[in-house]
Each structure stands twice: as C-alpha cells, then as structure tokens.
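Novice: What follows is a protein structure lacking sequence information:
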C-alpha cells in the first residue's frame, strides 16, 4: 500500500524582483524558497501538515495546492526518474479506477533514483480521497518497450487490458500481444494473453476498447497486411501491407486455462474502402458492444474516414464510412476517436486540421499556413437516415500547432466531450485561467457540452504548475458519467530524490471533479 507523500506549492519565494514560472518569484528565475520549502525546477514545494491518523493510505492529498477547483495530483510517492507516468491512461466508467502506464517503477522505495521495470499503476477513489492500489509490472515475457502502449478498463474497473504491440510472437516476429488482468479478492492477476489468430508484424494492440461489461474487447492492428475487406476475410493474404484491421475478442463463461483464459476470437474487421490505411490505429466501442468505430487516419483524403460496424443477430457487418466534406490529407482525421454509450454519437479528432475558424460551427475550408495543425473535432449523430455531421468544433482560442483533437472522450450520454490539445501554449493553471501564449506546447484540455442539438465550449482546463512543453492533453480519459476527467504530464519533474534536480520526467496525473 502506498505511503503518504504529499507536497504543495509554497506561497512564494523571498525575492520579489524577477518572475519564476507559475507566479512564483525569485532572483533571475532561481527561486529562493521560504520556510525550508524545496526549490525544484523553478517552483517552491513544501510538505504539508501530517494527515489525520484515520486518513488512510493516500498519496494524492495535496492541501493548499491551488483554487477550490484545482485538480488532484496523483503519483507523488511513485516518483521515479524517466518513468513518464501517464503516457497512456484509462478510466473506469464511474471514474473511480484510473490506470496509468509507467516506463519505470520504483526500485528501493526509499531511493527514487533506482528504477524497476515498466508497469501499470492503478489508483482508486475511495470515499474521501484517491489512493494508489497496485503496480502491475511488465511480465517477464513482455520484454519490448511498447508494453503499455494502449490501455482499456471495463466499466467497473475490474478488468484491464494492456497492449504490447511489438511483442515478439511466433518466430520472434514483432506481432504484438494483449495482456488481460482481472481484480479479485486477492488483488490483480493476469487472466489471459491474447494474440492475433494470424500473427504477423501488424502492431496488434496499438489501440484497445472495452464494452462496459469488460466481456468484449476490440484490438486495433493498424499494420495488418491482409487484402481482405469487411468481416472475417482471409487474413493469410498479406499482399496489402499497412491497410490495418481490428480484432474482436469475447470473454465466455467457464473456467480459464493457462493460454488465453476464457477469451475467444469473435471477428476480424477490415475496411470496405479501397485505399484505406492504418485501420485500427484508433478504436471505439459502444457500452453494449453493438457498434464499433475504427479510424483510418493514415489514409489519403480520398480513402479517409471512420468505419463503423454494427452487430446484428450475433454477427458483425460494415454499417457506414463516416467523414465530413473537404478533408485534406494532412488533417489526421481519426487520431482521436470516441463513441457514446449508446453508439449514437461519434466524436472524431483531426489534430492536423488547419482552418482559421474558432469556436463552434465555423468554416472548415479556410485553411491558412498560420493555422496549420490548429486541429478540429467533428461530431456525428446517428438518426433514421444513418450518420450525419452534427457539429464542427474548434477551440475558442485556437492557434496553429495546438493539435486540438489529438485525444477525445465522450460521456455516456454523449452530452459532454473532452478534447486534448497538447500543443496549446497558455501558461495558466486549473479551470478557465486567463488565456495567453507564454508557455509553448504546454497543452490544454477543452470541455464542450451539448444542449439539445447545440454544442458550446464549457471549460478550458490546464494542470497546476504549467510549463512549456508539458504536452498536457495528449492523453485524457473521461468517466462515462462525465463527472471526472483525467489527464497527465509525463515529463513533469517532481521535487523528490537525492539531488536538488528532483526526479526528472517522473510524470504526474491530474484528476478533475466536474459539475
């Protein structure tokens, strides 16, 4: 169980002459901290008063860290150099279980400079606070550094899928694998190891999605090379490299065996469109596992789009190719992808989009060099006549290279949307700070809300201690009920370790409770 290690931003530095980051002041940008606080990376940090004896095992209790709507910061007592905690995130539907990848885990718990193997860190929200509950280390067999490249959690947070898309398979070819863990009375345990039925170097596991029950798992394989189309074609014909595919696995009732638990391969999905490339680079699944969306964002504009499959009578079929008019090759349409619980609302991020529009409902055709890679999100709704474009969204403060749409997440009812923009340059902190461009590529998350058929931007979200190149918003997760948002800064240096330099690139998670 995690010990209590919690630090808070101190009130400020002694010298009021020159500014330090985040409003803290010091001499020539080097903070002189009061009251014995620790100066690290331009910030003052201090250990707060001890927690009450009955507070329980909490590593995220950060009093006086900011305004009342400041996020909870997770990962303090896991600080390990170059761990990059949170490069990948997954959040349960109720927002109570959070999984985060880490390139390294703590070695000797008292020495943060020692590094253990890569792992997945599991956090849970209790009645009053978050706590660190488990570290799932990389299995001995999963020696490739792509272990943890994608994560997915079931609705109750009791089943976790961890991808290793370059994991060596038969013949040592980097065919990929997915590890499925389940939480029982004795904690987390490996339940199954899933591989492609026709393993080749197809990046199996590059993207993952669970239904709410955790009994259906979609696995993207964007380097799949078969020339098959639509559903359950011939996977052995490898004459179309890089076209991509997705696999559907179903957990069946019964006892688990050593190889793949109770999981069975249920479908092999390919795009019906000639010229599609990278299908399965992003995947989304409705809560009841009746509808799957597969992005093909590496496709040229003539073959671009999101491919939607629907399950009817126990069988899958291609339902639609969804795309807006006027896509350009550089738009990266589909890098961000999300479905609501009912499979009736689809959000698609295009972080390379270059129009100079701002806000909701602008003109997507006005591309300019200054607005290159500002990014956009399209929202589609399914009605009696099929899928139709419902909204075109840009950040209200859109700028070139913001990469708005790199990550997207929808609440279960489809009425709240979170959008990551890791290239955004505001230097503010918390919810709705003042807008500026003083911290290049610090990153941001935007919240949009739908009322009836109309969308509007509802919030502009930043981490605490914002700095240039944070890339906040590259990864995000939204609880299905839409009341909890998580994002990360994997490059965050923490004020722990044996030197004043702290623990570089340890990473920190930020969790926001929303109205």
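Specialist: Ah, there it is. Because the structure is a prediction, the values reported are computed rather than measured. Numbering: from 1, shown residues only.
Novice: mind showing which ranges of the stretch 201-350 of the chain have poor pLDDT?
Specialist: For the stretch 201-350 of the chain, applying pLDDT under 70 flags the ranges 254-261.
Novice: which secondary element of the chain has the worst mean pLDDT?
Specialist: Averaged element by element with mean pLDDT, DSSP states H and E, the chain has its least confident helix or strand at strand 18-19 (a mean of 32).
Novice: tell me the domain boundaries of the chain?
Specialist: 1-50, 201-322 (automatic domain parsing).
Novice: And residue 390, how far from residue 381?
Specialist: Using CB to CB, to the nearest Å, we find residue 390 at a distance of 4 Å from residue 381. No exception for glycine: its C-beta is placed from N, CA and C like everyone else's.
Novice: shared neighbours, these two?
Specialist: Shared contacts of residue 390 and residue 381, defined by CB atoms under 8 Å, 6 or more residues apart in numbering, are found at residue 345.
Novice: Quick one: the strands in the stretch 101-250 of the chain, in order.
Specialist: Remark: strands assigned in the stretch 101-250 of the chain by DSSP state E, counting those that start in this stretch are 105-106, 115-116, 119-125, 130-137, 151-153, 159-164, 177-184, 187-194, 207-210, 216-221, 245-251.
Novice: most tightly surrounded among these?
Specialist: Among the strands of the stretch 101-250 of the chain, judged by mean count of other CB atoms under 10 Å, the one packed with the most neighbours on average is strand 216-221 (a mean of 28).
Novice: Neighbouring strands of that strand in the sheet, and parallel or not?
Specialist: When pairs are called by DSSP bridges, strand 216-221 turns out to pair with strand 207-210 (antiparallel), strand 245-251 (antiparallel).
Novice: Indicate which one of these is closest to residue 232.
Specialist: Of all the strands paired with strand 216-221, the one in closest proximity to residue 232, counting by CB to CB, is strand 245-251 (10.0 Å).
Novice: re earlier: include distance to residue 280 when you put the strands paired with strand 216-221 into TSV, please.
Specialist: TSV is the format used below for those (distance: least, CB to CB, whole Å):
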stretch	distance to residue 280
strand 207-210	6
strand 245-251	4
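Novice: now for those strands, which one comes closest to residue 493?
Specialist: Residue 493 sits nearest to strand 207-210 of all the strands paired with strand 216-221, at 29.6 Å, using CB to CB.
Novice: how far out from the middle of the chain is the closest one?
Specialist: Using CA atoms, centre = their mean, to the nearest Å, we find the averaged C-alpha position of strand 207-210 to lie 11 Å away from the chain's own average C-alpha position.
Novice: Please list the outside residues in contact with it.
Specialist: Residues external to strand 207-210 that are found in contact with it (CB under 8 Å, 6+ apart): 150-155, 159, 161, 163, 178, 216-220, 222, 280-285, 292.
Novice: mind showing which ranges of the stretch 351-500 of the chain have poor pLDDT?
Specialist: In the predicted model of the stretch 351-500 of the chain, residues 369, 496-500 satisfy pLDDT under 70.
Novice: redo that, cut-off 90
Specialist: Within the stretch 351-500 of the chain, the set of residues satisfying pLDDT under 90 comprises 365-372, 434-435, 479-482, 494-500.
Novice: still on that earlier bit, identify whichever of the strands of the stretch 101-250 of the chain lies nearest to residue 375.
Specialist: Ranking the strands of the stretch 101-250 of the chain by their distance to residue 375 (criterion: CB to CB) puts strand 207-210 first, at 19.2 Å.
Novice: Can you show me the strands along the stretch 401-515 of the chain?
Specialist: Taking DSSP E, counting those that start in this stretch as the criterion, the stretch 401-515 of the chain contains strands spanning 407-410, 416-421, 430-431, 444-451, 454-462, 476-478, 484-489, 508-513.
Novice: got the buried residues for the first one?
Specialist: By neighbour count, with 16 or more other CB atoms under 10 Å as the criterion, the buried positions of strand 407-410 are 407-410.
Novice: Distance from the chain centre to it, please.
Specialist: Once both centres are worked out by CA atoms, centre = their mean, strand 407-410 turns out to sit 8 Å from its chain's centre.
Novice: which residues touch the nearest residue to residue 245 once chain neighbours are set aside?
Specialist: In space, and not counting its chain neighbours, residue 245 is closest to residue 224: 3.7 Å by CB to CB, 6 or more residues apart in numbering. The contact partners of residue 224, by CB under 8 Å, 6+ apart, come to 200, 202-204, 235, 243-245, 270, 279-280.
Novice: From these, keep the buried residues only.
Specialist: Buried residues within the contacts of residue 224, defined by neighbour count using 16+ other CB under 10 Å: 200, 202-204, 235, 243-245, 270, 279-280.
Novice: Now flag whichever of those is closest to residue 83.
Specialist: In terms of CB to CB, no member of the buried ones among the contacts of residue 224 lies closer to residue 83 than residue 203, at 24.0 Å.
Novice: Was I right to think that closest one contacts residue 165?
Specialist: Yes: Residue 203 lies in contact with residue 165 (CB atoms under 8 Å); the separation is 4.5 Å.
Novice: Now the common contact residues for these two.
Specialist: Common neighbours of residue 203 and residue 165, counting by CB under 8 Å, 6+ apart, are residue 176.
Novice: I'd say residue 447 and residue 485 touch.
Specialist: Yes: if you go by CB under 8 Å, residue 447 and residue 485 touch, sitting 7.4 Å apart.
Novice: shared neighbours of those two, which are they?
Specialist: Residues touching both residue 447 and residue 485 comprise 418, 461, 514, with contact defined as CB under 8 Å, 6+ apart.
Novice: Skip the chain neighbours and tell me the closest residue to residue 98.
Specialist: If you skip the residues right next to it in sequence, residue 98 has residue 123 as its closest partner in space, 4.5 Å away by CB to CB, 6+ apart.
Novice: Quickly run through the sheet partners of the helix or strand containing residue 307, with directions.
Specialist: In the assignment (DSSP states H and E), residue 307 maps to strand 306-312. Sheet neighbours of strand 306-312, with direction, are listed as strand 291-295 (antiparallel), strand 315-322 (antiparallel) (DSSP bridges).
Novice: Give me the contacts around the longest one.
Specialist: Yep, that's strand 315-322 we're talking about. Counting contacts by CB under 8 Å, 6+ apart, the residues outside strand 315-322 that touch it are 230-231, 248, 267, 269, 271-273, 291-293, 305-310, 346, 348, 380, 386-387.
Novice: Could you turn the buried ones of those residues into a ChimeraX selection?
Specialist: For selection in ChimeraX, the members of the contacts of strand 315-322 meeting the burial criterion (16+ other CB under 10 Å) are listed in this command:
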select :230,231,248,267,269,271,273,291,292,293,305,306,307,308,309,310,346,348,380,387
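Novice: Nice, that's everything, thank you.
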